[in-house]
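S.K.: Sequence and predicted structure are below.
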Amino acid sequence: MRQIIYTSVTTTASGRASDDCAAILRVAAARNGLDGITGLLYTEDASYLQTIEGPEESVAELFADISADPRHRDIKILVDRAVEEREFGDWMLVHRDRRETTDAFDRRLHVLLRGVSPETADYFRALVDA
């Protein structure tokens, strides 16, 4: 199983990465379950931070699609590694809905990150604690 953690910057005119999330989540809901992909998508201002994990081929194909997606620029891979077990269990994709406050999502994220490796959690906690 492969896991990639990356950051990117939105290309939306508003400069808010969250403005693209509804469309991203629609595609993810249809595709990720079929491809065995799980993970976490976090947005803050113009930035995305995402972990994707699953079968090697599925993760490679998804990351190639993300890299070619015009909604992303300045993609930087932070972690690309083999993992023996999923860190994000059966989560198809977790994200903060517009109706959820940032503080409420941050509290939920702290709880969700309890089961992941310290290295993975540190990337997300750095954003939450900022």
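M.R.: Nice, I can see it.

S.K.: Assess the claim that residue 9 and residue 43 are in contact.
M.R.: No: Residue 9 lies out of contact with residue 43 (CB atoms under 8 Å); the separation is 10.6 Å. In this view, the C-beta of every residue, glycine as well, is placed from N, C-alpha and C.

S.K.: Check which helices and strands the longest strand out of those in the chain sits against.
M.R.: Longest strand of the chain, by residue count under DSSP state E: strand 72-82. Other elements packing on strand 72-82 under the criterion 3 or more CB pairs under 8 Å, 6 or more residues apart in numbering; DSSP states H and E are strand 2-10, helix 56-68, helix 118-129.

S.K.: and that strand with helix 118-129, angle?
M.R.: Following axes from the mean of the first three to the mean of the last three CA atoms, to 10 degrees, one obtains 150 degrees for the angle between strand 72-82 and helix 118-129.

S.K.: So, low pLDDT: which residues of this protein?
M.R.: Along the chain, segments meeting pLDDT under 70 span 90-98, 127-130.
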